[in-house]
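Asker: Pasting a predicted model and its sequence here:
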Amino acid sequence: MAKPYDDQTGLNDRHNASLIESTIQPGQAVQAVSGPTGGAVPVFLSGASTILVPFSRQVVVAVPTTPVPLTPATSQQDQVEIIANITNTGNIYLGSATVSSASGMVMEPGRSIKLQNVDLNLIFIDADVGGEGVSYFALT
């Protein structure tokens with residue numbers, strides 16, 4: 001009978017080994033595992049090698065022509081999706097601290113954009129209509 005773990009090859013016998021699936025929560029400790037003969041068992045991560053923590057926020061431009069940052073402080077994100085609120089009656093303009101209707105990327109109501117590896121504090125919005133804005137969902 002084959003061993004469930006082969007110390008020579010580091011491979012599991014598919015017929016005798018068990019697959020243990022687990023979700024690791026933020027802050028949870030991970031304990032090392034030993035093979036049946038005391039050797040280390042290789043651990044493979046599927047998907048991302050880090051745990052991404054999601055959060056969302058809504059940002060509104062109170063006064064048109066007054067750009068507003070997506071966050072008031074540095075906020076480096078791995079992934080973010082920015083969505084112009086579907087209830088907007090005018091356009092949103094996405095860009096830098098000097099964004100305006102003449103220089104920003106136009107976002108009609110409901111339009112979205114996905115960005116990676118960005119600091120949300122460096123992304124600003126402006127709006128045609130006061131009280132309108134965007135929602136975003138980020139993974140950090």
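Answerer: Sure, I can see it.

Asker: in the chain, which spans are strands?
Answerer: Assigned by DSSP state E, the strands in the chain fall at 54-61, 68-69, 76-84, 92-95, 105-107, 112-119, 124-127, 132-139.

Asker: now, of those strands, which is deepest in the fold?
Answerer: strand 124-127 (a mean of 25; mean count of other CB atoms under 10 Å). To be clear about C-beta, it is placed using only N, CA and C from the backbone, and glycine gets the same treatment.

Asker: still on that earlier bit, next, format the strands of the chain as TSV and append mean pLDDT.
Answerer: Output for these, formatted as TSV (pLDDT from 0 to 100):
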stretch	mean pLDDT
strand 54-61	92
strand 68-69	97
strand 76-84	93
strand 92-95	98
strand 105-107	97
strand 112-119	95
strand 124-127	98
strand 132-139	94
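
Asker: How about the contacts made by Glu81?
Answerer: For Glu81, the residues meeting the contact criterion (CB atoms under 8 Å, 6 or more residues apart in numbering) are Ser112, Ile113, Lys114, Leu115, Tyr136, Phe137, Ala138.

Asker: What distance do you get for the nearest residue to Pro67 once chain neighbours are set aside to Leu52?
Answerer: Computed as CB to CB, 6 or more residues apart in numbering, the closest residue to Pro67 that is not its neighbour in sequence is Phe124, at 4.0 Å. Separation of Phe124 from Leu52 (CB to CB, to the nearest Å) stands at 24 Å.

Asker: domain ranges for this structure?
Answerer: With domains defined by automatic domain parsing, the chain comprises 1-47, 54-139.
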